[in-house]
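# What follows is a predicted protein model with its sequence.
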Amino acid sequence: MENVNRLICGFISDKWIKNAKSKRAFALDHNIDEKTVRRIVGDKKYSMRIDTLQKICESRDIKLSDFFIEVEKWGKSNKG
């Protein structure tokens, strides 16, 4: 089973950060530090705090429960 932290970070990186104007812009738009964005994208051992995830979801107007449903779907479609 894939590490859930990598799955969450992979989803955020692939679906949201990749489409942002820049990592800095994503950080500003989602009320998080730019260093956190760089960790989400590049640090394979990064374990995101739930409050960071909540800030990102609130900024995107998505409930945490819906976020996890989307992550699960994305993870299944990106296997193999």
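Happy to help now that I have it.

# Going by C-alpha atoms from here, please, whenever you check contacts or count neighbours.
OK.

# how about the nearest residue to residue 11, chain neighbours excluded?
residue 71 (6.1 Å; CA to CA, 6 or more residues apart in numbering).

# no, scratch that, I was asking about residue 40
residue 9 (5.2 Å).

# same thing with residue 7?
For residue 7, ignoring the flanking residues on the chain, the nearest one in space by CA to CA, 6+ apart is residue 75 at 6.6 Å.

# So that neighbour, which state does it fall into?
helix (DSSP: H, G, I helix; E, B strand; the rest coil).

# contacting residues around the residue nearest to residue 11?
Neighbouring residues of residue 71 by CA atoms under 8 Å, 6 or more residues apart in numbering: 7-8, 11.

# Now, of the residues you listed, which are buried?
Buried by 16 or more other CA atoms under 10 Å: 8, 11, out of the contacts of residue 71.

# What lies in contact with stretch 52-60?
29-32, 63-64, 67.

# give me the low-pLDDT residue ranges for this structure?
Judged by pLDDT under 70, the chain has its weakly predicted residues at 1-2, 80.

# Point to the residue nearest the middle of it.
residue 12 (2.7 Å; CA atoms, centre = their mean).

# and residue 34, how many residues sit next to it?
17 (other CA atoms under 10 Å).

# how many neighbours does residue 74 have?
By other CA under 10 Å, neighbour count at residue 74 equals 17.

# show me the contacts for the spatially closest residue to it that is not a sequence neighbour.
Spatially, and ignoring its direct neighbours in sequence, residue 74 is nearest to residue 11 (6.9 Å; CA to CA, 6+ apart). Residues counted as contacts of residue 11 (CA under 8 Å, 6+ apart) are 71, 74-75.

# any chance of these in JSON lines, plus distance to residue 19?
Below are the contacts of residue 11 laid out as JSON lines (distance: CA to CA, whole Å):
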{"residue": "71", "distance to residue 19": "17"}
{"residue": "74", "distance to residue 19": "16"}
{"residue": "75", "distance to residue 19": "18"}
